[in-house]
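J.: Sequence and computational prediction follow.
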Amino acid sequence: MPDHLTPDRLAEVLEDEASSADRAHVAACPQCTALVAEARTGWDVAADVDVPEPSPLYWEGFRRAVGRRIETERRRLWALRVVPVLATAAALAFIVPSLRVAPPSRAPVPRAALPAWSPLPPADEDPGLAVLAGLARTTPELTLRECGGIAECVSELPDDDSGAIIQALRDEMPARRDVS
């Protein structure tokens, strides 16, 4: 038979763990039978040998060597965990100060001209400003001390609020035209 069993498969035959096909091959192949018999003889000789117990000094040295190795591995693993954290902290210490965000500026809004994207008409063409000015004079709860005037206060409102004011003014304006 040209195909012989590998050493691993021969060891399985020796340990009685091989498949029936491998056992049949060993029974039929004189070379594989000789290898299994030689290995079995080696095992029998090894089983009969008296192995002396190592001295207590050996075991003490072995225990110290294992302890040193464990301690070395602990330090190495600790360094592998801590070094990336420290490196990240150091990087953040350098990066975060450079990311200073300036507070939003309170630059005054020019009253004569609004930006091109503004939904409001220019101040000289907006009849609603007269309504807001009158409302400011008649309503004591409205305080305009925080901004430069009605136009500036309205321009700082969120889109929803300014849209509501515009709609209220549009609703009010036809009613005033009918009265006058």
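T.: Great, that's in hand.
J.: In this structure, where is pLDDT below threshold?
T.: 1-2, 97-120, 135-154, 156, 173-180 (pLDDT under 70).
J.: what's the domain layout of it?
T.: 7-48, 56-99, 123-179 (automatic domain parsing).
J.: want to throw those domains into CSV with mean neighbour count?
T.: Quick note: C-beta positions are derived from backbone N, CA and C, even for glycine. Formatted as CSV, the domains of the chain follow (neighbours: other Cβ atoms under 10 Å):
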stretch, mean neighbour count
domain 7-48, 13
domain 56-99, 10
domain 123-179, 12
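J.: which residues of this structure fall in strands?
T.: Using DSSP state E, no strands are assigned anywhere in the chain.
J.: Kindly list the longest helix within it.
T.: Across the chain, the helix with the greatest residue count (assigned by DSSP state H) is helix 56-95.
J.: same for that helix, what does it pack against?
T.: Packed against helix 56-95 by the contact rule (3 or more Cβ pairs under 8 Å, 6 or more residues apart in numbering; DSSP states H and E) you find no helix or strand.
J.: Which stretches in the protein count as helices?
T.: 7-14, 20-28, 30-48, 56-95, 128-138, 150-155, 159-179.
J.: Could you list which residues are in contact with the nearest residue to residue 23 once chain neighbours are set aside?
T.: Distance criterion Cβ to Cβ, 6 or more residues apart in numbering; nearest residue to residue 23, sequence neighbours excluded, is residue 13 at 6.0 Å. Shown in contact with residue 13 (Cβ atoms under 8 Å, 6 or more residues apart in numbering): 5, 22, 23, 26, 32, 36.
J.: now those as TSV including distance to residue 75?
T.: Shown next, in TSV, are the contacts of residue 13 (distance: Cβ to Cβ, whole Å):
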residue	distance to residue 75
5	47
22	49
23	52
26	52
32	51
36	49
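J.: Among the residues you listed, which one lies nearest to residue 91?
T.: Checking the contacts of residue 13 against residue 91 with Cβ to Cβ, the nearest one is residue 5 at 59.2 Å.
J.: my read: the closest one touches residue 28, true?
T.: No: using Cβ atoms under 8 Å, residue 5 is not in contact with residue 28, being 11.3 Å away.
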